[in-house]
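Colleague: generate a structure from the sequence data that follows.
(one chain, ligands or ions: 1)
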Amino acid sequence: MSLPILYSFRRCPYAMRARLGIMLSGESVDLREIILKHKPQAMLDASPKGTVPVLVLSDGSVIEESIEIMCWALAKSDPADLLLQRTPALQEVAKALIQTNDGCFKSWLDKYKYADRYPEMSEQYYRQQGEVFIAQLESLLNKNQHLLTDSPSIADYAIYPFIRQFAGVDKTWFENADYPNVQRWLTTHLHSSEFKTIMKKYPTWLESNQSFKFGNRYSD
Ligand SMILES: N[C@@H](CCC(=O)N[C@@H](CS)C(=O)NCC(=O)O)C(=O)O
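Modeller: This is a model prediction of the structure:
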């Protein structure tokens, strides 16, 4: 049977979380690398909203939200209990954190990253708004090695690609800011073999006419 197709863009934090979820579940997909400026028609036909990631399953059904792609993969197999089935009380906490990340934090992150496009306020102002979430993560990470327990969960994998972007806007500022636990946590994830695997570079599907087997069974 043919593998599901994942349309992905290497640097997109939503696509990163989808690739993490797929890799950590042990599922495999055919990865089609795209660039946002030139989206393949086949992707737009499957998902007219035109965002990545998009997962097209073998029966033709389409999953077009990154968190749902993570959940699809982990529902099939979740050896590390990233979905927190063994600690159901934490599932709602994870959900709320991911919602804050994708909602409020992401919109301040975009303004901080592209402050010149939002001249109403300063870059520093946008950063301070983003720091409300960073401070929340800092206090969680003060209690545990990862956001909810001492092991990573879906919340860590869904959120750290965005904190990576926040940290990258002004690296010197971030490295010197008073968030030692967030710094430690982010460094751990960014230095992991998992991150290395999901950040492997692929030629674009449109240019190379090639998709790539991606997932645990195929990673080296
Ligand atoms: N809610 C979506 C958001 C995905 C999203 O916005 N992805 C960005 C790239 S990081 C995108 O594809 N933007 C479309 C564009 O820039 O044309 C998800 O979670 O999958």
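Colleague: quick one: the helices in this protein?
Modeller: Along the chain, the segments classed as helices by DSSP state H run 13-25, 41-46, 66-76, 89-100, 106-113, 123-143, 154-169, 171-176, 180-190, 193-198, 205-208.
Colleague: so which of the ones you listed gets nearest residue 83?
Modeller: helix 66-76 (5.0 Å; Cβ to Cβ). (Each C-beta comes from the backbone N, C-alpha and C, glycine too.)
Colleague: how far off centre is the longest strand anywhere in the chain?
Modeller: Taking DSSP state E as the criterion, the chain has its longest strand at strand 28-33. Put simply, strand 28-33 sits 16 Å off its chain's centre (Cα atoms, centre = their mean, to the nearest Å).
Colleague: got the domain boundaries for the protein?
Modeller: The chain is divided into the following domains under automatic domain parsing: 5-81+195-218, 89-193.
Colleague: and the helices of the chain as JSON lines, adding mean pLDDT?
Modeller: Shown next, in JSON lines, are the helices of the chain (pLDDT from 0 to 100):
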{"stretch": "helix 13-25", "mean pLDDT": "98"}
{"stretch": "helix 41-46", "mean pLDDT": "98"}
{"stretch": "helix 66-76", "mean pLDDT": "98"}
{"stretch": "helix 89-100", "mean pLDDT": "98"}
{"stretch": "helix 106-113", "mean pLDDT": "98"}
{"stretch": "helix 123-143", "mean pLDDT": "98"}
{"stretch": "helix 154-169", "mean pLDDT": "98"}
{"stretch": "helix 171-176", "mean pLDDT": "98"}
{"stretch": "helix 180-190", "mean pLDDT": "98"}
{"stretch": "helix 193-198", "mean pLDDT": "96"}
{"stretch": "helix 205-208", "mean pLDDT": "94"}
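Colleague: so which of those is the most surrounded?
Modeller: Of all the helices of the chain, helix 13-25 carries the top mean neighbour count, a mean of 26, counting by mean count of other Cβ atoms under 10 Å.
Colleague: who's in contact with that helix?
Modeller: Outside helix 13-25, the residues that touch it by Cβ atoms under 8 Å, 6 or more residues apart in numbering are 6, 8-9, 28-29, 31, 51-53, 55, 66-67, 69-71, 73-74, 76-80, 82, 154, 157-158, 161-162, 164-165, 194, 197-199, 214-216, 219.
Colleague: do the same with stretch 68-78
Modeller: Residues outside stretch 68-78 that contact it (Cβ under 8 Å, 6+ apart): 6, 17-18, 20-22, 24-27, 53, 55, 63, 82-83, 85, 154, 157-158.
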